[in-house]
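**Q** could you look at this predicted model? Sequence included:
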Amino acid sequence: MADEGEHLAEVHTASEGTAAKWIMLLLAVLYVAGSLYFLFNLRERIDQLGKDQTTSNGQIADLTKRMQSAEADSETLATQLGMTKKELAARSAELQREQAAQRASQQQLAEQQKQQISQVNGEVANVKTDVGGVKTDVASTKAELAAAEAKLQSAVGDLGVQSGLIATTRGDLEVLKHKGDRNYYEFTLIKGASPQPVSTVSLQLKKTDVKKGKFTVNVTADDKTIEKRDKNIAEPIQFYTGRDHLLYEMVIWSVDKKQAVGYLSTPKGAPVPVTTTTGQ
């Protein structure tokens, strides 16, 4: 029994020694495989670095060649222009500064044009506003003239001829002038004064009656004098004159002890006076 126990112990010890050997062998294999992979990878990286270095050297050589070519071109250009390389470089720098200044000037001009366009747009808007205001004023003036014209009256003159609208104030006379149907000449006659030229005739105030609103006027036309006696204020005083027998009309709207104020109207085709004291 003792011998059998010893034999079992020996077998167990031999088994443990064999397992340890296999483990050591496996570790050695793994170490060798890892070392081989590291060496292979390191070689590939070295080869790639060599290729990159070659490429880099090629790029550097190409860049150097281009620089040399550019330098040769600049020397050729300088020779053709009769300048040194230094002078050519200075001229190039000057041209670049001029181009920069031109770009800045163009940008400034563009900004000024934008401001001017903006200003013009503002002025156009103001003009449109002014035009709108003028249109409103014109419309208002037309309405006022129409209202004033509606207040004017017509009457039969002292010759029995139907008169047009007559003015009894200076404001009414302005309305008639704006109508433009006839020529109008305003006057002020002084009692006792010499005949006063008005249009192509002469008028002379002979007498006034302030209380009754009457007056007497001499009318000289075609070398003839006609007395218009005891006429009323705002009464159309009519007479014919000229080769075409044109109808003239006189209206006096105000009289006092010394003077009479009114107007003379003539047809549009009547002769134009050379000189008058007052005119249309």
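**A** Nice, I can see it. Residues are numbered from 1 along each chain as shown.

**Q** in this structure, which spans are helices?
**A** Taking DSSP state H, the helices of the chain run over residues 2-81, 85-151, 170-179.

**Q** mean pLDDT lowest where, among those helices?
**A** Ranked on mean pLDDT, the bottom entry among these is helix 2-81, at a mean of 63.

**Q** for the residue lying closest to residue 195 once chain neighbours are set aside, give me its contacts.
**A** Spatial nearest neighbour of residue 195, excluding adjacent residues (Cβ to Cβ, 6 or more residues apart in numbering): residue 202 at 3.8 Å. Quick note: C-beta positions are derived from backbone N, CA and C, even for glycine. Contacts for residue 202 (Cβ atoms under 8 Å, 6 or more residues apart in numbering) come out as 195-196, 219-221.

**Q** keep only those of the residues you listed that are in strands.
**A** 196, 219-221 (DSSP state E).

**Q** name the member of those residues with the most neighbours.
**A** Ranked by the number of neighbours (other Cβ atoms under 10 Å), the ones in strands among the contacts of residue 202 place residue 219 first, at 21 neighbours.

**Q** separation between it and residue 226?
**A** The gap separating residue 219 from residue 226 is 5 Å, by Cβ to Cβ, to the nearest Å.

**Q** what's the overlap in contacts for these two?
**A** residue 239.

**Q** related to what we said a few turns ago, and the contacts of residue 202, which two are the farthest apart?
**A** 196 and 221 (13.3 Å; Cβ to Cβ).

**Q** grab the nearest non-local neighbour of residue 258.
**A** Using Cβ to Cβ, 6+ apart, the nearest residue to residue 258 is residue 191, at 5.3 Å.

**Q** follow-up on the earlier one: got CSV for the ones in strands among the contacts of residue 202, with distance to residue 111 too?
**A** Output for the ones in strands among the contacts of residue 202, formatted as CSV (distance: Cβ to Cβ, whole Å):
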residue, distance to residue 111
196, 69
219, 75
220, 75
221, 74
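
**Q** now render those as a markdown table, adding pLDDT.
**A** A markdown table is the format used below for those (pLDDT from 0 to 100):
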| residue | pLDDT |
| --- | --- |
| 196 | 96 |
| 219 | 96 |
| 220 | 96 |
| 221 | 93 |
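
**Q** quick one: residue 191 and residue 256 touch, right?
**A** No - Residue 191 is beyond contact range of residue 256, at 9.1 Å (criterion: Cβ atoms under 8 Å).

**Q** any residues in contact with both of the two?
**A** residue 208.

**Q** neighbour count winner among the two?
**A** Set side by side, residue 191 and residue 256 show more neighbours around residue 191, with 17 against 10, by other Cβ under 10 Å.

**Q** ok, the more buried one - contacts?
**A** 205-208, 257-260.

**Q** which ones among those residues lie within strands?
**A** Per DSSP E, the subset of those in strands is 205-208, 259-260.

**Q** out of the residues you listed, which is nearest to residue 161?
**A** Of those, the one sitting nearest to residue 161 (Cβ to Cβ) turns out to be residue 260, at 22.0 Å.

**Q** doesn't residue 252 make contact with that closest one?
**A** Yes - contact criterion Cβ under 8 Å: residue 260 and residue 252 qualify, at 4.9 Å.

**Q** mutual contacts of those two, please.
**A** Common neighbours of residue 260 and residue 252 (Cβ under 8 Å, 6+ apart) are 189, 215, 217.

**Q** pull the number of nearby residues for the first one.
**A** With neighbours defined by other Cβ under 10 Å, the count for residue 189 comes to 23.

**Q** which pLDDT value goes with it?
**A** 97.

**Q** how about the contacts made by it?
**A** Applying Cβ under 8 Å, 6+ apart, the residues near residue 189 are 196, 203-205, 217, 252, 259-262.

**Q** and for the last one?
**A** For residue 217, the contact set (Cβ under 8 Å, 6+ apart) comprises 189, 203-206, 227-228, 231, 237, 250, 252, 260.

**Q** flag every buried residue along stretch 206-226.
**A** The neighbour-count check on stretch 206-226 (16 or more other Cβ atoms under 10 Å) flags 208, 214-217, 219-221 as buried.

**Q** how long is it end to end?
**A** 12 Å (Cα to Cα, to the nearest Å).
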